[in-house]
Structures are given as structure tokens and as C-alpha cells.
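**Student:** A structural model of the following input is requested.
(one chain, ligands or ions: 2)
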Amino acid sequence: MNRLRNTDIKYLKGVGPKRAELLEKQLGIKSYYDMLFHFPSHYVDRSTIYTIKSLSGEMPAIQIRGHFISFTTQGEGAKTRLVGLFTDGTGTIEVVWFRRIKQLKDTYHIGNEYILFAKPSEFNGRWSMVHPEVDSPSSIGAIQGLRGVYPLTETLRNKGIGSKTLFTLAQTILSSSPRISETLPQSIIDQLHLMPLRDALVNIHNPKDNQTLQRAKLRLKFEELFYIQLNILRYSRRRSASLNGFRFPRIGHFFNSFYSECLPFELTGAQKRVIKEIRADMGSGRQMNRLLQGDVGSGKTLVALLCMLIALDNNTQACLMAPTEILATQHFETITQLVAPIGINVKLLTGSTRKKERDTIHSQLEDGALHILIGTHAVIEDNVKFKNLGFVVIDEQHRFGVAQRARLWGKNITPPHVLVMTATPIPRTLAMTVYGDLDVSVIDELPPGRKPITTALRFDNQRLDVYKHIGRQLKEGRQIYIVYPLIQENEKLDLRCLEEGYELIRETFPQYKVAYVHGKMKPSEKDYQMSLFASHQADILVATTVIEVGVNVPNATTMLIENAERFGLSQLHQLRGRVGRGEGQSYCILMTKHKIASDTRKRLEIMTSTTDGFLIAEADLKMRGPGDMEGTMQSGIAINLRIANLATDGQIIQLARDTAEMLLDKDPTLSHPENVILHQQLALIFNKTIDWGRIS
Ligand code: ADP
Ligand code: MG
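**Tutor:** Ligands and ions are numbered 1, 2, ... in the order given. Sure thing, here's the model as predicted:
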């Protein structure tokens, strides 16, 4: 295996320095190993040769075997094409090329035997193939069985490196490597009846048949997921064994007086359960790392506050970090109001906090006079020092990178307990992988009395009706969100759309005030516009997704999302969560242009059929893949899987985790001779200097 990892791809027959550079740049293939682990995305069946007589119009790409009878050049200028007449004795077929004509004429010879591979098509009773793959029967390309088709880039194709080239390269490496050493302990291979590594590699590129392909895939997926789980688990075990956390045995004055005097409503069952879970953690002496998942509006803030009060009761300070200034401010206002009667010192620290206030905060934090600090990234700056930080809450955690969290973590000698809160429900399989070392609590119940939001899909030609609805809501004194997509790649066009939308709304509802926010604005302008809406000085807010996270305006009852097809499901769900927060019946309207593809429509119909964030997240994961899921990109762990799929390989993930657990139970330090290989692999795969176990 080391030989494969250490041999530069440029030394491979058929590569050389130029192609090597291309392969590295385009696909990240640097070594023999990288090439072998660049897996096909799908397969074509090269096991059968068809006769021309038996061709039919519905066939996918197939093979025929025979020889050319003639070549003629037809057409002129840009339309020039080379047409070869090909026969296998049962009929004839025209083979057409539009490019590299001269070269091809010299490459293929009349009378020689070839295998052609392409999708056949019929026109006026004559069969043809355009740009087929052509192989002589003895070449590597003509290998039988299923043949891998590889992910490629346009650049590579233009430079003449196609799927067949990659297939050939992989075959060349395999045929020169009769032995490839195992990367899993033999005991695991035996116990789970896994395919040996070399067989798996051979059969992933050129499977004998479909059944063998499935076994090869299982082996490779298992290995990929197994090492991720082993890595997560060994760190979390080491951490819980060696790192002592604060022990908070007391429930005292702050918690009790808040609970009896200030609690604005009865806690839901789910809130109570979660608080119990967190309390048990904080009382155990083990440092807590807990992920709190709860749909938008499920009441996470109150849970966080009650837990912070427990920290206060045990003579420590607490800190709540939010991803935006608006959110931090909102938390600050909610919390100061809630705790006003019990005399707690709460302060807000953001980028725009004035120097004087900032100095006060700094000194109060250090002498312990400040109980709870709420803020944005500003709270993790080095000059923010706590006397004794015992509890950290991170809201909407996916907006923070792991490195940022780690800095909060390091603010105390005894590591504070950490509660990470997210409203983006994470499917279990993903959570197991991305947050595999966090304990998870779930608030799966909304506070009583919420009216379900009515969600509808509407098309451009129904805009008038939609505006009528908005008019009625406005007349009742309600407020309206209107959201437009704004993505970097399409920024100019998107901004224009937004602007036009804004103008249209102002013209349609001249008697109402419209606020206007987008991510490209100066923060101060943005905050001003948002505050207009929050204080009901504006009735309509036209915005991009800057309002996605956390904003709370209970009087807003309609969320209109323009170009809804361009949003991810989880994002739509977040946006929808901005309404339905007060007494009024709320609506979410997904607008699209009249013509949308049927799978787009299906995707949007998930939104109209359910409000369950977990179901939506599962569907989103299945459709978009984990790379795009919010929460993974900034989670700090690159989920860059070569072959496993977090959406569909749940069972293998579970198997990998169970196997890793069992292994660590038997051999916690992995020092058994047979497990040496595990150390080597972990080092190779996770050769990072960051100790993930100490983070999040
Ligand atoms: P999220 O989980 O999205 O952060 P919040 O903490 O902002 O939700 O709570 C949403 C709203 O529900 C707030 O207005 C809050 O005051 C209210 N709320 C929270 N818990 C309860 C409860 N047990 N009963 C009634 N209302 C509640
Ligand atoms: Mg919240």
C-alpha cells in the first residue's frame, strides 16, 4: 500500500509529466493510490456483444464487433464529418465523427477487427453511431464485464483524457500490483465476511458481475466509514477518560427564583426532559459536549437560559454566542427581560459595542461581576477573559467553524460545559458522522397553541391572487416577509431581481411601508431596516436569506418565497419558521415560474406536505447529498467521502460504528499487535495536527 501511495502518477505508463499535472489539478490524483481510489460513478455493460441485426431503438450504449468497409468525408466547413461504414456480417451501420477527422482516418483501417461501443440510433431505416469508443479486441479497453465510468472534468475531456483513459490507467496499476496489503485487521474481515482489499479494488473498476460489484462496494464503504467512526470514538473516549469538567451539583437561588417567579409559561415536556439530560451531564463531573436539536420555535432559548442559571448557581459565569448581531441582540433583549426580577448582570458584546462599554465588560468579566455574556464572534477574541467560565451556549451552531468554537473552549483551565444548539435538524446518520462525539438532545415538541402554518406552491401566473392574500393580511395589521435568493455565482442578476421585486411591492402596496435588506448592505443599514420591521414601523420586509436565522417577529404571518426552487429544503424550512410565531394563522407561499421540472416540483411538494424538520432534512440529504447540507460544510470535518453515501448507507454507518465500539471495548488503546494496522491507517487518513477530540 505504501508503494502505491508513494509512487507518483507521472511514472505510470501512459501518463508522463503533462498528464500528471492535469490529473492532479483536475481530480486531485497524485499517486497510484489516488488513481485506484478514484472510483467510477457508474458502469457500462461490456459483457455482451450485440449483432447489428438485433439492434433496437431503445438500447443504451452497447457493443458490436466487426470491421470497416469504407470511409468517406461528407459535408463542408463546420459540418464536415467522417462516415465509416461498418459491418458485422448481419447488417451495416454508419459510424459518424465530427472531430479529429484527419487523425481518425489514419488510426482506423479498413478490414481490421474492432469493437465499437456507443448508443445506436436509427434514421430512415439506417443505423448509426456517433463518436463511439473504438477498441481492437485485444486491447485493455475491450476487457469484459462491467466497466467503470469515471467522474471527469470538461478540461480533461478536451485534453483527450476520457473515462476510458482512466479505466486503462487503473487497470495498468492493478496488473502491476499482484499484492496489495490489507488496510483492515484480518479479524474484522473474517468476522464480517468482507472482500479482501485487492479483490475489492479490482471489482470496483471492472466488476465481474453486479453481485461482485455490490460486495466490492460494501467492503470499500465499510472501510471508509469505519475509520471515521474509529477516529471519532477514540477521541471522545479519551476525552471522557482524561478531561475533568466542572461538577455542578447545586440548584440554587438563581434557578429556583427564576423558575418560581419569572417563568412566563409552563415548560413543554420535551423542554423538561432536555433540561434533565443536561443537568445530569453537568452534575457528573464529566465535561459536557451536547448538541441540542430542536425545530424552529421549539423553545431552545429558554432551555439554554435555565442551564446557564445552574452554572451561575455553582459560582461560574455563562456565555451565549450567536452568529449575527441581530440574533445576539434579540437574545440579549429576551434574556434581560426574563431575568430582570432576579438581579442578574447580563451584557451584550458585539462588533459595534462602544469602547467604554467594552472596557466595562472586560473588567466585569475578569472580576466576576458579570454573570452572563451574550454576543457574536466578538466574545471569542483573545482580550475577552472570564473569571470562571462554566457554561457556553452556541446558538445556530453551523454558522461557526470548529476553530472558533475551540477558542471559546480554551478560555478556562477547566473546560466549560458546551451546549450547541441548532434548528437545522440533522439526520441521524449525518449526526453520527459529523457530530459523532457529541451527545444529542432533541426537543421534539412545540409549545402548545401553535397553529400549523399553511404552505402552498404558487406559480407566476397566480401572482395576482397571492398579492390579494397579502393585501388582506396587511389590512388586518399583519406583517409580511418576502424573500429572494441571492447567491454569489448569480449575484448581479439576483440583486436586480430583488430590486425589481422591491419596486413592484412598493407600487402594489403604496399605502404600506416596505423595508429592504440584503447581505450586501452595510451592517448598520441592515440593522436599521430590520429594526424597522421588528418594531412594526414597516409592514413588509423584502429581503434575502439574511433573515433566515432566528429573527422573531410574532406579528408576521406570511412568508412569501420567490424563486423557491432555488432554495434547499432545509433552508425553506428555516425561512418558514420565521412565521407561525404568534396567535394569527400563518402562511408560507412558495413561488416559482410556471414551468418547473417534475423533480423540482416533487421537492417543493415535500414542503407543502409536512412541517416536520427531520423528515425534511432526510429528504434534503437524499436529494442533495451531504456536501451541500448546511451544517456539514462549516462543521470542520470535511465529509469528503469517496464512496459511502451518508443518505443511503445508514446501515453500513451503524455497522461501522458498532464495529469500532466493539474494537475499542476490547482494546482501548489499540495496542494489540493485530491492531497496529489501525494506527497506521488513522495516521494516514487523519494526518492533521488538530486534536479533534478537544473540540466542540
Ligand atoms: P427556537 O428554538 O427556535 O430558538 P425560541 O427559543 O426562540 O425558539 O422560542 C420560540 C418562542 O416560543 C418564543 O417566543 C418563546 O418565548 C416561546 N416559548 C418557548 N417555550 C415555550 C413554552 N414552554 N410555552 C410557550 N411558549 C414558549
Ligand atoms: Mg433560536
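
**Student:** so where is the stretch 351-500 of the chain shaky, pLDDT-wise?
**Tutor:** 397-406, 409, 434, 437, 488 (pLDDT under 70).

**Student:** near ligand 1, which residues of it?
**Tutor:** Within reach of ligand 1 by C-beta under 6 Å from any ligand atom, the stretch 351-500 of the chain has these residues: Ala423, Pro447. (Each C-beta comes from the backbone N, C-alpha and C, glycine too.)

**Student:** Next: the stretch 501-650 of the chain.
**Tutor:** Asn552.

**Student:** pLDDT below threshold where in the stretch 501-650 of the chain?
**Tutor:** 546-551, 624-640.

**Student:** As a check, name the ranges of all helices in it.
**Tutor:** 523-534, 569-576, 598-609, 613-624, 650-666 (DSSP state H, counting those that start in this stretch).

**Student:** Residues touching the shortest one, excluding its own?
**Tutor:** When contacts are defined by C-beta atoms under 8 Å, 6 or more residues apart in numbering, helix 569-576 is touched by residues 296, 423-425, 453, 455, 481, 483, 545, 547-549, 559, 561, 564, 567, 588, 590, 603-604, 606-607, 611, 613, 616-617, 619-620, 623, 629-630.

**Student:** From those, list just the buried residues.
**Tutor:** 296, 423-425, 453, 455, 481, 483, 545, 547-549, 559, 561, 564, 567, 588, 590, 603-604, 606-607, 611, 613, 616-617, 619-620, 629-630 (16 or more other C-beta atoms under 10 Å).

**Student:** burial of the closest residue to ligand 1 within the stretch 101-250 of the chain, as a residue count?
**Tutor:** Across the stretch 101-250 of the chain, the shortest distance to ligand 1 (C-beta to the nearest ligand atom) belongs to Phe248, at 22.2 Å. Using other C-beta atoms under 10 Å, the number of residues around Phe248 comes to 26.

**Student:** and it, what element?
**Tutor:** Using DSSP states H and E, Phe248 maps to neither a helix nor a strand.

**Student:** Walk me through the domains of the chain.
**Tutor:** 48-144, 253-282+299-422, 454-610 (automatic domain parsing).

**Student:** mind giving me CSV with those domains and columns for distance to Gln186?
**Tutor:** Output for the domains of the chain, formatted as CSV (distance: least, C-beta to C-beta, whole Å):
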stretch, distance to Gln186
domain 48-144, 30
domain 253-282+299-422, 35
domain 454-610, 42
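
**Student:** same for the helix ranked longest in the chain, what does it pack against?
**Tutor:** In the chain, with assignment by DSSP state H, the single longest helix is helix 210-242. Helix 210-242 sits against helix 197-205, helix 428-434, helix 650-666, helix 676-685, with contacts defined as 3 or more C-beta pairs under 8 Å, 6 or more residues apart in numbering; DSSP states H and E.

**Student:** Which elements pack onto the longest one?
**Tutor:** With contacts taken as 3+ C-beta pairs under 8 Å, 6+ apart, helix 650-666 sits against helix 186-192, helix 210-242, helix 428-434.

**Student:** Which of the ones you listed sits closest to Ile115?
**Tutor:** helix 210-242 (21.4 Å; C-beta to C-beta).

**Student:** residues making contact with the next helix or strand after that closest one?
**Tutor:** Sequence order places helix 253-257 as the next helix or strand after helix 210-242, per DSSP H and E. Helix 253-257 is contacted from outside by Leu306, Leu309, Ile310, Leu312, Asp313, Pro341, Ile342, Ile344, using C-beta under 8 Å, 6+ apart.

**Student:** Including neighbour count and secondary structure, could those residues go into a markdown table?
**Tutor:** Formatted as a markdown table, these follow (neighbours: other C-beta atoms under 10 Å; DSSP: H, G, I helix; E, B strand; the rest coil):
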| residue | neighbour count | secondary structure |
| --- | --- | --- |
| Leu306 | 21 | helix |
| Leu309 | 26 | helix |
| Ile310 | 25 | helix |
| Leu312 | 26 | helix |
| Asp313 | 18 | helix |
| Pro341 | 11 | helix |
| Ile342 | 17 | helix |
| Ile344 | 20 | coil |
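
**Student:** how close does the residue of the stretch 151-300 of the chain found nearest ligand 1 get to Pro447?
**Tutor:** Proximity of the stretch 151-300 of the chain to ligand 1 (C-beta to the nearest ligand atom) peaks at Gly299, 2.9 Å away. Distance of Gly299 to Pro447, computed by C-beta to C-beta, to the nearest Å: 6 Å.

**Student:** who has more neighbours, those two?
**Tutor:** Per other C-beta under 10 Å, whichever of Gly299 and Pro447 has more neighbours is Gly299, with 19 against 16.

**Student:** Next up, the contacts around the more buried one.
**Tutor:** Leu267, Thr268, Gln271, Ile443, Leu446, Pro447.

**Student:** So which of the residues you listed are in strands?
**Tutor:** Per DSSP state E, strands hold the following members of those: Ile443.

**Student:** If any of the contacts of Gly299 are buried, give me the PyMOL selection for them.
**Tutor:** To isolate the buried members of the contacts of Gly299 in PyMOL, using 16+ other C-beta under 10 Å:
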select buried, resi 267+268+271+443+446+447
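
**Student:** of all the contacts of Gly299, which two lie farthest apart?
**Tutor:** Leu267 and Leu446 (12.6 Å).

**Student:** Setting aside sequence neighbours, what's the nearest residue to Asn203?
**Tutor:** Ala216 (3.8 Å; C-beta to C-beta, 6 or more residues apart in numbering).
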